[in-house]
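*Asks:* Using only what follows, build the 3D model:
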Amino acid sequence: MVYQHENPDEPDIMSWFPRREDYEDKPAFVPDEKYDEKIQRLHDTIEAAQTSIREVVDTDNLTLECKIYKVMDTEQDMEDILKLQKEIEAHPDANQQPETIKKARIGYINLKAYIQQVDCVEFATALRNEFLFTVGSSEGFGPWLDDAEERIKIKSDFRPKSYKEGLEFEQKACLLLKDIVKGNQLLKTVQDAAEAIRGNIKVQEDFSKLSERYYVLCKKADGRVKNLKILLREWAALEEILAPTKPADMDDLQPKLFVSFLRTYASYFA
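*Replies:* You can find the predicted model right below:
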């Protein structure tokens, strides 16, 4: 069943909730069915419920939503099965088919054992974690990481042209580093959701890529601050030795410091 919104100008919000008959056949109830037919319906219902719950327990082909629906349907089936079973056992002809009734009892017991192995709360928790990871990576940490990677790029017009501009550049680099370190909180939220999702290889791979990008980003930001401190130290030494107040120091050390400074500057801003 597909929900079609009547007004295209209004938000397209799905208001349909899945019904069992949309995805699974259920043994039909015939008002004038005979006793043998009622017993057969009981066995068919038990068998269908067992098949459904085994699929939830033993396979990974179902989505979490589908598993929740199937468990809820099976729990409802168990109520119907128990009611029908009591009705059959209370029938006057019940003593004529003891083995068939016993088989139905065993089937119901096995069904209970299967359904005790699943927990809708666990499925719902996993579904919630998948949602948190998807939203966190695509709308939270992911866009923040894209923006931070763009901000850390050095543009040609932002390169310091004087020692004073170098100090301002270092201050901005320190502020960027602090901001990037704070991003660890966003990463932690995504990480908690990813670690709570078991067996989803794609989620683990996506988180690994995000984590690696963040590690590289932190390394770049931290390295920039450290490199700027080295550059400013050389810059300050160069300006001091070039100052006219120290003419006695104007010797062959001057070009050596100048060349060292240029090499350092070029390595950081090439």
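*Asks:* which residues of the stretch 151-270 of the chain score low on pLDDT?
*Replies:* For the stretch 151-270 of the chain, residues meeting the criterion pLDDT under 70 lie at 155-157, 242-254, 270.
*Asks:* Could I get the full set of helices for it?
*Replies:* 163-196, 201-242, 253-269 (DSSP state H, counting those that start in this stretch).
*Asks:* Ok, which of the ones you listed comes nearest residue 98?
*Replies:* Residue 98 sits nearest to helix 163-196 of all those, at 49.5 Å, using CB to CB. (C-beta placed from N, C-alpha, C; glycine too.)
*Asks:* Could you give me the buried positions within the closest one?
*Replies:* With burial defined by 16 or more other CB atoms under 10 Å, the residues of helix 163-196 counted as buried are 166, 169-170, 173, 176-177, 180, 183, 186-187, 189-191, 193-194.
*Asks:* Identify the farthest-apart pair in those residues.
*Replies:* 166 and 193 (41.8 Å).
*Asks:* Using the record's assignment, carve this structure into domains.
*Replies:* 20-118, 122-269 (automatic domain parsing).
*Asks:* In the stretch 1-150 of the chain, where is pLDDT below threshold?
*Replies:* Looking at the stretch 1-150 of the chain by pLDDT under 70, you get 1-32.
*Asks:* got the residue ranges for the strands in it?
*Replies:* Using DSSP state E, counting those that start in this stretch, the stretch 1-150 of the chain contains no strands.
*Asks:* for the helices of the stretch 151-270 of the chain, which one sits closest to residue 121?
*Replies:* Closest of the helices of the stretch 151-270 of the chain to residue 121 is helix 163-196, at 13.4 Å (criterion: CB to CB).
*Asks:* Output the contacting helices and strands for that closest one.
*Replies:* Packing partners of helix 163-196 (3 or more CB pairs under 8 Å, 6 or more residues apart in numbering; DSSP states H and E): helix 120-135, helix 141-151, helix 201-242.
*Asks:* Include distance to residue 80 when you put these into TSV, please.
*Replies:* Listed next are the helices and strands packed on helix 163-196 as TSV, based on distance: least, CB to CB, whole Å:
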stretch	distance to residue 80
helix 120-135	19
helix 141-151	47
helix 201-242	37
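*Asks:* got JSON lines for those, with mean neighbour count and distance to residue 38 too?
*Replies:* Formatted as JSON lines, the helices and strands packed on helix 163-196 follow (neighbours: other CB atoms under 10 Å; distance: least, CB to CB, whole Å):
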{"stretch": "helix 120-135", "mean neighbour count": "16", "distance to residue 38": "30"}
{"stretch": "helix 141-151", "mean neighbour count": "15", "distance to residue 38": "57"}
{"stretch": "helix 201-242", "mean neighbour count": "15", "distance to residue 38": "47"}
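*Asks:* Quick one, which of those helices gets closest to residue 55.
*Replies:* Taking those one by one with CB to CB, helix 120-135 is closest: 13.4 Å.
*Asks:* tilt between the closest one and helix 201-242?
*Replies:* Helix 120-135 and helix 201-242 are oriented at 40 degrees to each other (axes from the mean of the first three to the mean of the last three CA atoms, to 10 degrees).
*Asks:* Can you name the residues in contact with helix 120-135?
*Replies:* 64-65, 67-68, 71-72, 189-190, 192-194, 196-198, 200, 203, 206-207 (CB atoms under 8 Å, 6 or more residues apart in numbering).
*Asks:* separation between residue 267 and residue 59?
*Replies:* 57 Å (CB to CB, to the nearest Å).
*Asks:* same check, this time on residue 154
*Replies:* 53 Å.
*Asks:* cool, residue 213 as well?
*Replies:* 35 Å.
*Asks:* again, but for residue 231
*Replies:* Counting by CB to CB, the gap from residue 231 to residue 59 is 61 Å.
*Asks:* quick revisit: which of residue 154 and residue 59 has more neighbours?
*Replies:* residue 154 (13 against 9; other CB atoms under 10 Å).
*Asks:* Do I have it right that the more buried one meets residue 228?
*Replies:* No: contact criterion CB atoms under 8 Å: residue 154 and residue 228 do not qualify, at 11.1 Å.
*Asks:* out of the helices and strands packed on helix 163-196, nearest to residue 35?
*Replies:* Closest among the helices and strands packed on helix 163-196, once you apply CB to CB, is helix 120-135, at 35.5 Å.
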